[in-house]
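A.B. asks: Can you look at this prediction? I've put the sequence above it.
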Amino acid sequence: MITTDPEKQIPVNKEDLFKNVISHSKEYGFIFPSSEIYDGLSAVYDYGQLGVELKKNIREYWWKSMTQLHENIVGIDAAIFMHPTTWKASGHVDAFNDPLIDNKDSKKRYRADVLIDDHLAKIESKIDKEIEKAAKRFGETFDAKMYRSTNPRVLEYQKKIEEISGRFKTALTNNDLVEVKQIIIDCEIVCPVSGSRNWTDVRQFNLMFSTQMGSVSEDAGTIYLRPETAQGIFVNFLNVQKSGRMKIPFGIAQTGKAFRNEIVARQFIFRMREFEQMEMQFFVKPGTEMDWYAYWKEARMKWHTSLGSPMDKYRFHDHIKLAHYANAACDIEFEFPFGFKELEGIHSRTDFDLKSHEQHSGKKLQYFDPEENKNYVPYVVETSIGLDRMFLALLSDAYKNEVLEDGTIRDVLNLPAFLAPVKAAILPLVKKDGLPEKAKEIMNILKFDHLCHYDEKDSIGKRYRRQDAIGTPFCITIDHETTDPSSANYNTVTIRHRDTMRQERVKVDQLPGIIEEKVSMKKALKSLEA
Ligand code: ATP
């Protein structure tokens, strides 16, 4: 991301930043609450005219990085509805549960694991505060690492974290819901709404949405809206391998909608009930999966950091409890305005899925390895990212309020130019004297390559602000000199750069080259191979 001048940015606390991002998204047509005229639908959102462009560009960057840059990765688009046995085989019918707990006083429902995670995060932030205070006290000579490993109070907090995480991990592994509740009681966790500790027992809640297929109710069967796109890839493993003559290792990529009846859906588009995933399943020879797991961890982190957010916004988080199908798993976490949270998961899924589909379908899902001269069920390494979460990560990092030299404030989205919804705004200085006609002429040259906006309303300053607020990398202004054959600036325009607000005069016929150079996805894709 091209940074705007940090000196100019108005510092805002994270809570306000998040509120501002949400209202900005609505005001400029990025995201609207679903069916808003009926007061919305909880945790469901619609993408507006600019949101859909940004989302499409992120999807395209992911898609190309997978399918275009890897000769051995191909894409598919499987249906949302799948045979119901799919979900029995995948383990979702029996195990796609979240532990749920209600507060009897507020009647609010929570995920028990999230209450405990939040509690752990609070202790962690106490440690950070201690370190911050000490850093101020000791000045330049302060050694944070040393302080962390020797200060009695920090050690006490650390011990508490380890104790709780240990108990929690064991409880999850043993599916011991009584113990999960006991941890909540022992940690004195209160309901954020009622402030009370009057909790119900913890119970499991299946997150899949079900519906009926078939028009006559007697023969209608229960089917599910897919809770992940991955299974559409597994059931097509042989179709793709055979029809594409794919040789192991190879990958199948897919983007598409997934549905989960989340218990607590909050934090805007971070946790939705209908969302989009971008998943890739990489099929490998058994025994090589850990090498590929390491490969994809690095490759995916590179993809994220190619988008220009600082490195310290990302971190890996290893799973404490592995899912039933995994032998290694981690998340790439991003620092959202509400803290570090999962953005993408990388999982070594072993041969669990293909084997289970073999058992349930009675069909062989194996690969004949010509080098080994034998059949085997491949192992799988998966990368799985939420498109909506990626959208939120980009938007919350790109959104800035800046104080300009004249004291006015501008909202700017300094999105990577190749992802920006609109690439250039074409602005005639005034609505007369042939300037709109010239502007339209320029628009007609550029529109075949890029989404451009034509705008002739309001002062030029206001129009610049509108484009800054939606992240348009270039504003192109057509003035009287542009159309005056006697002027030295005939057939030139002013091009203004979003981040620096620098303006330069360029020839009209230079415009396609200047824009292309900055907004092309090619450079970012190339950086992934560097
Ligand atoms: P979480 O722990 O946040 O519920 P998860 O571990 O269940 O996520 P996965 O099943 O690994 O998530 O799904 C892969 C990716 O899909 C996640 O990293 C996330 O980006 C996205 N995702 C999952 N659930 C949601 C949701 N309810 N809304 C938006 N994106 C989601």
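C.D. replies: In hand now; what should we look at?

A.B. asks: any idea how far R111 is from whichever residue of the stretch 51-200 of the chain sits closest to the ligand?
C.D. replies: Closest residue of the stretch 51-200 of the chain to the ligand, CB to the nearest ligand atom: D98 (7.9 Å). To be clear about C-beta, it is placed using only N, CA and C from the backbone, and glycine gets the same treatment. Distance of D98 to R111, given as CB to CB, to the nearest Å: 5 Å.

A.B. asks: Likewise for R349?
C.D. replies: 23 Å.

A.B. asks: again, but for D186
C.D. replies: Taken as CB to CB, the span from D186 to R111 is 18 Å.

A.B. asks: who has more neighbours, those two?
C.D. replies: Neighbours per residue (other CB atoms under 10 Å) separate D186 from R111, with R111 holding more: 19 against 12.

A.B. asks: Would you check that that one makes contact with N97?
C.D. replies: No - counting by CB atoms under 8 Å, R111 sits too far from N97 to count as a contact (10.5 Å).

A.B. asks: Mutual contacts of the two, please.
C.D. replies: Residues within reach of R111 and of N97 at once, by CB atoms under 8 Å, 6 or more residues apart in numbering: there are none.

A.B. asks: Quickly check: the one helix or strand E60 maps to near the ligand or not.
C.D. replies: Under the criterion of DSSP states H and E, E60 resides in helix 51-63. No - judged by CB under 6 Å from any ligand atom, helix 51-63 makes no contact with the ligand; its nearest approach is 11.9 Å.

A.B. asks: how far does that helix sit from the chain's center?
C.D. replies: In terms of CA atoms, centre = their mean, to the nearest Å, the centre of helix 51-63 is found 11 Å from the chain centre.

A.B. asks: For D105, grab the count of nearby residues.
C.D. replies: Applying other CB under 10 Å, I find that D105 has 14 neighbouring residues.

A.B. asks: How about the protein: which residue is closest to the ligand?
C.D. replies: Nearest residue of the chain to the ligand (CB to the nearest ligand atom) works out as G386 at 2.5 Å.

A.B. asks: Can you tell me how far that residue is from K526?
C.D. replies: Separation of G386 from K526 (CB to CB): 26 Å.

A.B. asks: the more surrounded of those two?
C.D. replies: A count of neighbours by other CB under 10 Å puts G386 above the other of G386 and K526, at 23 against 12.

A.B. asks: Does the more buried one touch K341 like I think?
C.D. replies: No - counting by CB under 8 Å, G386 stays clear of K341, with 10.6 Å between them.

A.B. asks: for the stretch 151-300 of the chain, what spans make up the helices?
C.D. replies: Counting by DSSP state H, counting those that start in this stretch, the stretch 151-300 of the chain has helices at residues 152-173, 177-186, 230-234, 237-243, 289-305.

A.B. asks: Can you redo those helices as TSV, where the extra columns are mean pLDDT and distance to the ligand?
C.D. replies: Putting those into TSV (pLDDT from 0 to 100; distance: least, CB to the nearest ligand atom, whole Å) gives the following:
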stretch	mean pLDDT	distance to the ligand
helix 152-173	92	13
helix 177-186	96	16
helix 230-234	98	9
helix 237-243	97	19
helix 289-305	97	11
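
A.B. asks: Poorly predicted segments of the stretch 101-250 of the chain, please.
C.D. replies: Segments of the stretch 101-250 of the chain classed as low confidence (criterion: pLDDT under 70) are 215-220.

A.B. asks: which bits of it sit near the ligand?
C.D. replies: E228.

A.B. asks: low pLDDT regions in the stretch 401-530 of the chain?
C.D. replies: Ranges of the stretch 401-530 of the chain meeting pLDDT under 70: none found.

A.B. asks: All the helices of it, residue numbers only.
C.D. replies: 435-446, 460-470, 480-483, 511-519, 522-529.

A.B. asks: In CSV, list those helices along with distance to the ligand.
C.D. replies: Shown next, in CSV, are the helices of the stretch 401-530 of the chain (distance: least, CB to the nearest ligand atom, whole Å):
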stretch, distance to the ligand
helix 435-446, 34
helix 460-470, 23
helix 480-483, 46
helix 511-519, 26
helix 522-529, 20
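
A.B. asks: Could you save those helices as TSV and add columns showing distance to N174?
C.D. replies: Formatted as TSV, the helices of the stretch 401-530 of the chain follow (distance: least, CB to CB, whole Å):
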stretch	distance to N174
helix 435-446	62
helix 460-470	51
helix 480-483	74
helix 511-519	53
helix 522-529	42
